[in-house]
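Engineer: sequence and predicted model, in that order:
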Amino acid sequence: MRLTRRQALAGAAASALGAAGIYELVDRLAGGAGTEQVRRSVGRMGAEQHALGLNVVVDNDVEVVVPPRHHRLVTAKVAASDPRQAARELEDALRELENRFDPTTPAGLGVTIGWGVPYFRNHVAEQTDVHLPHDRRADKPALIDSIRFPSDPAETILEDNDVAVLLRADARDHIVAGAKALFADLDVFRVTSIREGFVGGGLPKRMAVAAGVPGADLIPEGAQLFLGFTSTQKDGLGPSRIANFETLGYVDLGRKAYFRGGTHMHVSHLFEDLEAWYLNFDFRERVDTAFRPGLHVKPGTQTVRQGPHDVDHASQVERSFRDQGRIGHSSSIQTASRLQRDVVADDGVVYRRGTAIPQRADFNTLDNPFSWSANPARDGLGDGARAGVHFVVFNPSSDDFHRNRLAMDGRLPDGTRLPLRPRARGQGFNAVLRTTHRQNFLVPPRQHRSFPLAEL
């Protein structure tokens, strides 16, 4: 019997979900790439699907969060005709995974499900009008379509997936099992892309060298990311529940508070030009670019302190630009991503000025730009491996993420507009990054993760 195109794509996606590929090398190359971490169960699951219990180590006198080693993000369209029945099937599969793998720690399997604007618009529109959280500062829904930012290339694709599922674990076979249970064994989704990657000290260089990526030999030994600097300083990541919709008061949950315990997730893919980064920028300029101009850092340092007292404010970023014609990546984003005053959260927790809000879950990738795509021509799927990052971050709303990303382009939240040319050398990392895809998602609380609002 001849397969339909849909059946052929489904078969290809199922095959790709379990394929070995270059990421099979991660565990083999991880030996000696940092101390093995013993993960412990966090205990009772909270409302937040995006929260994982992660270890903390100290490097260069800085506390550093140890991310999961393996990551996979799968995007899809809804294939089920009855969302309520699909919700029951999906929830059953998720609970089976939770019985099999501890969901609170990367020693088991972390599963985070986010839903895009097309899902809410096309499948539960009437309920969405009533229950979707509203961003008070922007006077817009907390979930809106992604936008193209000033430094994005014209060809950046603004995606329209119904759902994105983020799988995180220290063991790759846990990732494979989770993807199989949710996508190959169920008939509720039509997979549109598979995106894979890794995080771990020493792995970026070893994996890039093994893949033959140009500039791989220039990556420092022991680096956590391709661009050489550690990115998971504990003080640089939002604590506990800070990225929840309700925590900081940025978002109105509505009378029923259906999405309490949920958050917003942004997903994008970026290529990284390693040769341009390491050959055109010496260490001094890489520090200026990654953090802030003039920051004193010992040559060769990978982990740089990013505490509340190290935060730059808009006036300092503007002054650096006027004096040196450049902005730092961290310093510019901190004008939007750090609290500008002490805040008492909805549960009484006090978050001090300078505390980080976003909770990042980005990971290195050799995808070009994805491991698999249902539409390779549109997505620009290429041969061979390329250095890049699948950027995943949790914020209280789409607008909150947009404010952070605009600050990276010199558009600061106080209204300051720095006259930077897109992707200019003085514009932080943007000179060596190229974004290929973007989309925003709403991550419901755990109790409503499976086809949210469908039961109403």
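Structural biologist: Received, thanks. Residues are numbered from 1 along each chain as shown.
Engineer: next one: phi and psi at the closest residue to Asp235 other than its chain neighbours?
Structural biologist: Leaving aside its sequence neighbours, Asp235 sits nearest to Gly307 (CB to CB, 6 or more residues apart in numbering; 4.4 Å). C-beta coordinates here come from the backbone N, C-alpha and C atoms, glycine included. Here is the backbone geometry of Gly307 (degrees, to the nearest 10): phi -80, psi 170.
Engineer: and Leu270, by the same measure?
Structural biologist: Backbone torsions for Leu270, taken as degrees, to the nearest 10, come to phi -130, psi 130.
Engineer: for it, give the beta-bridge partners.
Structural biologist: Under the criterion DSSP bridges, Leu270 forms beta bridges with Val389, Thr435.
Engineer: burial measure for it, as a count.
Structural biologist: 23 (other CB atoms under 10 Å).
Engineer: what about the residue nearest to Asp235, neighbour count?
Structural biologist: 15.
Engineer: and it, how far from Val57?
Structural biologist: For Gly307, the distance to Val57 (CB to CB, to the nearest Å) stands at 16 Å.
Engineer: same question, Arg449
Structural biologist: 31 Å.
Engineer: and the closest residue to Gly254 other than its chain neighbours, what's its pLDDT?
Structural biologist: Excluding its sequence neighbours, the residue lying closest to Gly254 (CB to CB, 6+ apart) is His131, at 6.0 Å. Per-residue confidence (pLDDT) for His131: 98.
Engineer: cool, Met265 as well?
Structural biologist: So Met265 comes in at 98 (pLDDT).
Engineer: what of the one 10 residues further on?
Structural biologist: In this model, Glu275 is scored at 96, pLDDT.
Engineer: got it, and Ala361?
Structural biologist: Looking at Ala361, its pLDDT reads 97.
Engineer: so what's the residue count around the residue nearest to it when sequence neighbours are not counted?
Structural biologist: The spatial neighbour of Ala361 that comes closest, neighbours along the chain excluded (CB to CB, 6+ apart), is Val392 at 4.3 Å. Val392: 25 surrounding residues under other CB under 10 Å.
Engineer: distance of Gly114 relative to Arg421?
Structural biologist: 33 Å.
Engineer: higher neighbour count, the two?
Structural biologist: Between Gly114 and Arg421, Gly114 has the larger neighbour count (other CB under 10 Å), namely 30 against 12.
Engineer: what is the longest helix seen in the chain packed up against?
Structural biologist: If you go by DSSP state H, the chain has its longest helix at helix 83-100. Judged by 3 or more CB pairs under 8 Å, 6 or more residues apart in numbering; DSSP states H and E, helix 83-100 is in contact with helix 172-179.
Engineer: output the contacting helices and strands for the helix it packs on.
Structural biologist: Applying 3+ CB pairs under 8 Å, 6+ apart, we find helix 172-179 packed against helix 5-18, strand 70-78, helix 83-100, strand 163-169.
Engineer: go through these and find the least confident stretch.
Structural biologist: helix 5-18 (a mean of 57).
Engineer: for Ser146, what are its contacts?
Structural biologist: Counting by CB atoms under 8 Å, 6 or more residues apart in numbering, Ser146 makes contact with Leu158, Glu159, His266, Ser268, Ser398, Arg438, Gln439, Asn440.
Engineer: now with 7 Å?
Structural biologist: Ser146 makes contact with Leu158, Arg438, Gln439, Asn440, according to CB atoms under 7 Å, 6 or more residues apart in numbering.
Engineer: hey, what's the last one bridged with?
Structural biologist: So the one you mean is Asn440. Beta-bridge partners for Asn440, by DSSP bridges, are His266.
Engineer: pLDDT at it, what is it?
Structural biologist: Model confidence at Asn440 (pLDDT) stands at 98.
Engineer: same question, the one 5 residues further on
Structural biologist: Confidence at Pro445, expressed as pLDDT, is 98.
Engineer: what is the burial count for the residue lying closest to it once chain neighbours are set aside?
Structural biologist: Setting aside the residues directly before and after it, Pro445 is nearest to Gly261 in space (CB to CB, 6+ apart), at 3.3 Å. Using other CB under 10 Å, Gly261 has 23 neighbouring residues.
Engineer: tell me where this protein is predicted with low confidence.
Structural biologist: 1-16, 18-20, 31-38, 41-43 (pLDDT under 70).
Engineer: for the residue nearest to Asp235, give its distance to Gly428.
Structural biologist: 20 Å.
Engineer: same deal with Pro308?
Structural biologist: Applying CB to CB to Pro308 and Gly428 gives a distance of 21 Å.
Engineer: neighbour-wise, which of those two wins?
Structural biologist: Neighbours were counted for Pro308 and for Gly428 using other CB under 10 Å; Gly428 has more, 29 against 15.
Engineer: number of nearby residues for the residue nearest to Asp400 when sequence neighbours are not counted?
Structural biologist: Leaving out its chain neighbours, the residue that sits closest to Asp400 by CB to CB, 6+ apart is Tyr250, at 6.4 Å. By the measure other CB under 10 Å, the count of residues near Tyr250 is 20.
Engineer: any idea how far Asp139 is from Tyr250?
Structural biologist: 12 Å.
Engineer: repeat that for Phe229.
Structural biologist: As judged by CB to CB, Phe229 and Asp139 stand 37 Å apart.
Engineer: quickly find the element holding Arg190.
Structural biologist: strand 189-198 (DSSP states H and E).
Engineer: name the helices or strands packed onto that strand?
Structural biologist: Counting contacts by 3 or more CB pairs under 7 Å, 6 or more residues apart in numbering; DSSP states H and E, strand 189-198 packs against helix 5-18, strand 70-78, strand 363-365, strand 372-373.
Engineer: could you find the closest non-adjacent residue to Asp399?
Structural biologist: Leaving aside its sequence neighbours, Asp399 sits nearest to Ala138 (CB to CB, 6+ apart; 3.7 Å).
Engineer: what about the one you found, how many neighbours?
Structural biologist: 17.
Engineer: hang on, isn't Asp342 packed against Thr355?
Structural biologist: No: the pair formed by Asp342 and Thr355 falls short of the contact definition of CB atoms under 7 Å, at 8.8 Å.
Engineer: thanks again, I'm all set now.
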